[in-house]
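Q: just a sequence and a predicted model for now, questions to come.
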Amino acid sequence: MPNETLTITDNRTGKTYTLPIEKNAIRAIDLRQIKTGPEDFGLLSYDPAFLNTASCQSAVTYLDGERGILRYRGYPIEQLAEKCSFLEVAYLLLNGELPGPDELDAWITDVTRHTMIHENLKKFMEGFHYDAHPMGMLMSTVAALSTFYPEAHSIHDAAVRKLQITRLIGKMPTLTAYAYRHSLGLPYVYPDNDLGYTKNFMNMLWRRTEPKFSANPVLARALEVLFILHADHEQNCSTSTMRAVGSSFADPYATTAAAIAALSGPLHGGANEEVLRMLDEIGSKDRVPAYIEQIKAGHGKLMGFGHRVYKNYDPRARIIKQVAEEVFEVTGRNPKLDIALELERIALEDEFFIKRKLYPNVDFYSGIIYQAMGFTPDVFTVLFAIPRTVGWLAQWQEMLQDSEQKIARPRQLYTGQPARHVARIEERLAPAVALAAVAR
């Protein structure tokens, strides 16, 4: 379109600039030409926390927070959760298309071949203190994989890159299960490659003395759906970290460990645990109205509601709500679900929350499901990391193949001291004396 431009008048100089608009964005570097004089560096855009800055172009995930839409490679998340396995979705995110039957069989075989971990890595994990947090263990062991596969540094070799991606996807459930069992003081269980991806994971988590572990199919499918829903979510904190660290051409194990570190923060990966704490604090369904009024009065937060991007009902939350009902038919109904349902019902009818566009997000129900399945809260974020590894790797691979991407290096607005001279040590006054001298 001929009018896809933005005209800016700099009132400091009276000069006018015309900037091209592409994909509903202007390039920040185009602002550099706006100067007050030859010595001026040029105009910068200031955007703390990247609230309105696109750092990349991506074809992996489409997210429309205003309308509550999430798609992987163009496919609605609702259809993928209903019709696909997690490894089908993983293949889609990495390759751009859903696999055919032969492609899926080959992909499952490749991933399954890499579920075992080196015995020395197992010894490395045994060195952690008995109460080490599973997330810290996972972060460390993923980084340690870099030393086991030095060829991973050849990130521009497509075949090498594909091998490391397959290794990581295959090994993440094993590392997670080992970290979990370590925290419980239980011996590690080797992968059983006769089982599917999620059932094998459950085998490594919960097998005791039985010769063959048999996972409940409802719980296995629930875990599969949760993995699909968490596989990618556009340029969130951990994905942006994956891209930033990967832009230095660090190997995929180091970059994934960095992404795990970002995910470990309570504002990112630990929100579902906060929801459980809130439900425990409420205690019973009849106390929900009073708690709602407390929140409206400015005391506390409604955990699991609202999202940086979604200003509508998180589509993942709708799916998880249904999954929760299916899980509780097997495990027995958790009283927390009734509290959550009542909390959601009242909040969605209350003008206070409607005006603020506070709708349930994916964390609102996921913690309840994980707890019902037998997981302790300290492992919730680790469960998040398994499927999100696929999204991280898809984004990392895309970043490496994008000719416009360079090493991440944001600018800053300097707010420190102007240029000054260093005095000799004997000429310097103590801070308190210097302040007194200035006051006089």
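A: Done, it's in. The shown structure was predicted, so the numbers you read here are calculated from the model rather than taken from an experiment.

Q: in this protein, which residue is most central in space?
A: With distances taken as CA atoms, centre = their mean, Ser238 lies nearest the centre of the chain, 4.8 Å away.

Q: now the helix or strand that contains that one: average pLDDT?
A: Using DSSP states H and E, Ser238 sits within helix 237-246. Average pLDDT, helix 237-246: 97.

Q: quick one: residues in contact with the helix or strand following it.
A: With elements assigned by DSSP H and E, the helix or strand that comes after helix 237-246 is helix 252-263. Helix 252-263 is contacted from outside by 135, 138-140, 142-146, 149, 152, 155, 161, 164-165, 168, 237-242, 245-246, 250, 268-269, 381, 384-385, 388-389, 392-393, 396, using CB atoms under 8 Å, 6 or more residues apart in numbering. Placement of C-beta: from N, CA and C, glycine included.

Q: how about 7 Å then?
A: With contact meaning CB atoms under 7 Å, 6 or more residues apart in numbering, helix 252-263 is reached by 138-139, 142-143, 145-146, 152, 164-165, 168, 237-239, 241-242, 245-246, 268-269, 381, 384-385, 388-389, 392-393, 396.

Q: tell me which other helices or strands the next helix or strand after that helix touches.
A: Using DSSP H and E, the helix or strand that directly follows helix 252-263 along the chain is helix 271-282. Applying 3 or more CB pairs under 7 Å, 6 or more residues apart in numbering; DSSP states H and E, we find helix 271-282 packed against helix 335-349, helix 363-373.

Q: out of these, the one nearest Leu63 is which?
A: Across the helices and strands packed on helix 271-282, Leu63 has its closest neighbour in helix 363-373 (16.1 Å, CB to CB).

Q: send me that closest one as PDB with only the CA atoms.
A: The C-alpha trace of helix 363-373 is given here as PDB (Å, rounded to 0.1, in the frame of the first residue of the first chain):
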ATOM      1  CA  ASP A 363      -1.900 -21.400  35.600                       C
ATOM      2  CA  PHE A 364      -5.300 -21.200  37.300                       C
ATOM      3  CA  TYR A 365      -6.100 -24.900  36.900                       C
ATOM      4  CA  SER A 366      -2.800 -26.500  36.000                       C
ATOM      5  CA  GLY A 367      -1.500 -26.600  39.600                       C
ATOM      6  CA  ILE A 368      -4.700 -28.300  40.800                       C
ATOM      7  CA  ILE A 369      -4.300 -30.900  38.200                       C
ATOM      8  CA  TYR A 370      -0.600 -31.500  38.900                       C
ATOM      9  CA  GLN A 371      -1.300 -31.800  42.600                       C
ATOM     10  CA  ALA A 372      -4.100 -34.300  42.000                       C
ATOM     11  CA  MET A 373      -1.800 -36.400  39.900                       C
END
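
Q: how distant is the helix or strand following it from the center of its chain?
A: Following helix 363-373 in sequence order, the next helix or strand is helix 380-400 (DSSP H and E). From the chain centre to the centre of helix 380-400 is a distance of 7 Å (CA atoms, centre = their mean, to the nearest Å).

Q: going forward, begin numbering at 118 instead of 1
A: From this message on, residue numbering opens at 118, which makes the last subject helix 497-517.

Q: helix 497-517 to helix 480-490, inter-axis angle?
A: 120 degrees (axes from the mean of the first three to the mean of the last three CA atoms, to 10 degrees).

Q: average pLDDT across helix 497-517?
A: 96.

Q: now it against helix 354-363, angle please.
A: 40 degrees.

Q: in stretch 216-226, which residues are buried?
A: With burial defined by 16 or more other CB atoms under 10 Å, the residues of stretch 216-226 counted as buried are Pro216, Leu221, Trp224, Ile225.

Q: give me the domain ranges for this structure.
A: 122-162, 194-382+513-517, 388-488 (automatic domain parsing).

Q: could you dump those to CSV with distance to Gln534?
A: As requested, these are exported to CSV (distance: least, CB to CB, whole Å):
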stretch, distance to Gln534
domain 122-162, 19
domain 194-382+513-517, 29
domain 388-488, 34
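
Q: closest one to Arg537 among these?
A: domain 122-162 (20.2 Å).

Q: tell me the contacts of the closest residue in space to Thr356 that isn't next to it in sequence?
A: Leaving out its chain neighbours, the residue that sits closest to Thr356 by CB to CB, 6 or more residues apart in numbering is Gln512, at 5.3 Å. For Gln512, the contact set (CB under 7 Å, 6+ apart) comprises Ser175, Val177, Thr356, Met359, Arg360.

Q: now do Gln512 against Met242, distance only.
A: According to CB to CB, to the nearest Å, Gln512 and Met242 sit 27 Å apart.

Q: do Ala166 as well
A: Distance from Ala166 to Met242, by CB to CB: 35 Å.

Q: when the two are compared, which one has more neighbours?
A: Met242 (20 against 8; other CB atoms under 10 Å).

Q: what helix or strand does that one sit in?
A: Residue-wise, Met242 maps onto helix 236-243 under DSSP H and E.

Q: fine by me, thanks again.
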